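Peer 1: mind folding the following:
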Amino acid sequence: QVTKAAQKLKKQKFDLIIASPYYRAQQTAGIIAKAVKAKIVTDKRLSEIDCGIFNWQPVGLYHSWFKHKQDRWTMAPEGAETLADLRRRLVAFIRDIDKKYKNKKILIVSHGDPFWILEGAMSGKTESELSDRYYNVDNATPFTIEPPVLPFDDEGRLDMHRPYIDQIILRDPKTKKELFRVPEVCDVWFDSGSMPMAQSHYPFATKQIDFPADYICEAIDQTRGWFYTLLAVATALGMEAPYKNVICLGHIRDKNGQKMSKSKGNIVEPMAIMNTHGADVLRWYFFTANDPGDPKDFDEADLGKITRRFVLILYNSFVFWNSYAKRGDRARTNFQPTSVLDQWVLASLNSTVAQVTTSLEKYQVGEAARLIESFTDNLSRWYIRRSRDRFQSSVRGDLSHEADWESASHTLETALRTITRLLAPFMPFFSEALYSSLGEATSVHLADWPETQNTLINKELLKDMQLVRDVAALALGLRAEAKIKIRQPLGRIRLKNRSLEGKAELLKLLADEVNVKSVVFDPGASAAVALDTVVTPQLKEEGVIRELTRTIQGLRQDAKYQMADEITLMLTGDEMFLDLVQRHSLQLKKMVNAKQLELKRSDKFDAELETKVDEWSVWIGLRKM
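Peer 2: Just a heads-up that it's a prediction; the model follows:
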């Protein structure tokens, strides 16, 4: 290979060959020197990268020391160089020979890593770009490096600032005279402040400029710089304000409120964070953590909280729809929701669309994101939870409420499609995946922004539903104080406020949520909410059946049954317990989708469990029909 390379270079005239001191490099330089008749000079700065404790070891051992390929820039084994060290000595080498051998043609003989780094550094490539094209240099293949007209700092990195930019000398295309940047400037921010006019060469090239900007965004530092000088230059020229809206961003600090710096070791590598949590979660964190102008004390643990608090809740809402909803009625027209829950969630959805749109038009990005998050939480924790039986009963084969199932399915699908479009500017990747999973053939980023259907925003219903939830929260608190399980039915709840009186669907929702038989109103009551905590024998039996139902449903999951799978249910236990089960057998069979109930033990089962239900020890066995 070297001999062939030497023959290719034979016709070229070289003033000098500079080679690494390593034996192979010297041997190669000697073969080529004979062909091109040039003198050899040795420079130790062209040596192969120093691998420290891994010198003369298999190369795989050295590379396996690094977790990520980009770590080679900042980390090194004992006694070894980093790639930053290598780049520093190579750029210093190029600077020296460029001065020492002006207008000379030089052949350099070196190794893989030095050539890979040198070629990339001379092209102004970043460390990330260099890492992505790792070892893209062919052995014994000559190539040309033209030292470019680029300013490099002492580390060998491209740097367009002073003093490095002062190295650049231009020539007047007409006179060929050298042109130098003047050392003095009035104010560097004056240049930035002139941007709206200068970009169009106003007033010389045109009198028309694209002005003012609808929106500009920069860090808090620019309050005294760019933001101010834009305003000062524009008003000095008698123009209106140069921008209509500004988003000013605070600094990102570490979780302890300290400024991030390499010397402190508290910097965060963005790509590593995004590889772990996803770019969308990181974006959502910055949108919702606090107001844009406030500093952000970044803690990676907060990203996990966002995933659990928002992303998984929305994703699980989709999974629920995908598992239980009736599909394919997306194009329904003149849709009339059958349930107060459907009416409420559509009112809340359209109210959210209106508020998010208004917030974004005012550039209040964080507020818009929090509105989306709040609706998603309400969709999952209230609408889906309170509608669960409406979906699951039809999947179990109970078609007596099919119209209600269809209404719930269409309502949930509408909510998911709409919220996904609202989410698109904030979480571009997650929203795209979700939109596609909902059956859309086009990109969510090509979809129209949702329009508010004002006729569906029932403000009274929104107010009443919030009251239901507030009352339920108080009642559940009273249950907890009395140490009564939620699965134990109670007689009644007493309300002082009569706002919900006569609103049957809302009262049924409240009764189901609190698990009481009735809701009564007592304007003269001393407390806003009072709970009857007396458990009658009849209520006690209902509670036992509910507890048994929950246990059987858990056993169905352990057996990996589908919702529609019918089962034979087998039970043994105390005689009083079995008498109780027989009295409520129809209800129990319906709730667990059992075709048969056998009050005896059997060896033929798919899953079994010995446990306690209330005060009784019982055995439960399940077998799929």
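Peer 1: from now on I want contacts and neighbour counts done on CA atoms only, so please keep to that.
Peer 2: Noted.
Peer 1: okay, now the unreliable bits of the stretch 251-400 of the chain?
Peer 2: The stretch 251-400 of the chain contains residues with pLDDT under 70 at 328-334, 395-400.
Peer 1: mind doing that once more with 50?
Peer 2: Scanning the stretch 251-400 of the chain for pLDDT under 50 picks out the ranges 331.
Peer 1: residue boundaries of the strands in it?
Peer 2: Taking DSSP state E, counting those that start in this stretch as the test, the strands found in the stretch 251-400 of the chain are 252-253, 296-297.
Peer 1: burial count for the closest residue to Trp73 other than its chain neighbours?
Peer 2: With CA to CA, 6 or more residues apart in numbering as the criterion, Trp73 has its nearest non-adjacent residue at 4.6 Å, and that residue is Leu83. Using other CA atoms under 10 Å, Leu83 is surrounded by 22 other residues.
Peer 1: dump the residue contacts of Leu83.
Peer 2: Ile49, Arg72, Trp73, Thr74, Ile117 (CA atoms under 8 Å, 6 or more residues apart in numbering).
Peer 1: pLDDT score for it?
Peer 2: pLDDT for Leu83: 92.
Peer 1: backbone phi and psi for it, please?
Peer 2: Dihedral pair for Leu83: phi -70, psi -30, per degrees, to the nearest 10.
Peer 1: so how many other residues sit close to Asp574?
Peer 2: Asp574 has 12 nearby residues by other CA under 10 Å.
Peer 1: follow-up on the earlier one: could I get the strands of the stretch 251-400 of the chain as JSON lines with mean neighbour count?
Peer 2: Listed next are these as JSON lines, based on neighbours: other CA atoms under 10 Å:
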{"stretch": "strand 252-253", "mean neighbour count": "18"}
{"stretch": "strand 296-297", "mean neighbour count": "18"}
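Peer 1: Leu599 is nearest to which of the ones you listed?
Peer 2: With CA to CA, the closest approach to Leu599 among the strands of the stretch 251-400 of the chain belongs to strand 296-297: 61.2 Å.
Peer 1: what is the longest strand along the chain packed up against?
Peer 2: For the chain, the strand that runs over the most residues, judged by DSSP state E, is strand 616-624. Judged by 3 or more CA pairs under 8 Å, 6 or more residues apart in numbering; DSSP states H and E, strand 616-624 is in contact with helix 537-558, strand 567-573, strand 607-613.
Peer 1: what's the burial count for the residue lying closest to Glu367 once chain neighbours are set aside?
Peer 2: Nearest residue to Glu367, sequence neighbours excluded (CA to CA, 6+ apart): Ser359, at 6.6 Å. Per other CA under 10 Å, the neighbour tally for Ser359 reads 17.
Peer 1: equivalent analysis for the one 4 residues further on, please.
Peer 2: Around Tyr363 sit 15 other residues, with neighbours defined as other CA under 10 Å.
Peer 1: over to Leu230?
Peer 2: When neighbours are counted by other CA under 10 Å, Leu230 registers 22.
Peer 1: and the next helix or strand past the host helix or strand of Cys217?
Peer 2: Taking DSSP states H and E as the criterion, the element that holds Cys217 is strand 216-219. Per DSSP H and E, the first helix or strand lying C-terminal to strand 216-219 is helix 226-236.
Peer 1: go through that next one and flag the buried ones.
Peer 2: For helix 226-236, a neighbour-count test (16 or more other CA atoms under 10 Å) marks Trp226, Phe227, Thr229, Leu230, Leu231, Ala232, Val233, Ala234 as buried.
Peer 1: likewise for stretch 411-425?
Peer 2: The neighbour-count check on stretch 411-425 (16+ other CA under 10 Å) flags 411-413, 415-424 as buried.
Peer 1: helices and strands around the helix or strand of the chain with the lowest mean pLDDT, which ones?
Peer 2: Least confident element among the helices and strands of the chain, by mean pLDDT, DSSP states H and E: helix 127-132 (a mean of 78). When contacts are defined as 3+ CA pairs under 8 Å, 6+ apart, helix 127-132 packs onto no helix or strand at all.
Peer 1: output that helix as PDB, nothing but the C-alphas.
Peer 2: Extracted in PDB, the C-alpha atoms of helix 127-132 (Å, rounded to 0.1, in the frame of the first residue of the first chain):
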ATOM      1  CA  GLU A 127     -16.700  17.300  18.700                       C
ATOM      2  CA  SER A 128     -20.100  15.700  18.100                       C
ATOM      3  CA  GLU A 129     -19.600  15.800  14.300                       C
ATOM      4  CA  LEU A 130     -16.100  14.300  14.700                       C
ATOM      5  CA  SER A 131     -17.400  11.500  16.900                       C
ATOM      6  CA  ASP A 132     -20.100  10.600  14.400                       C
END
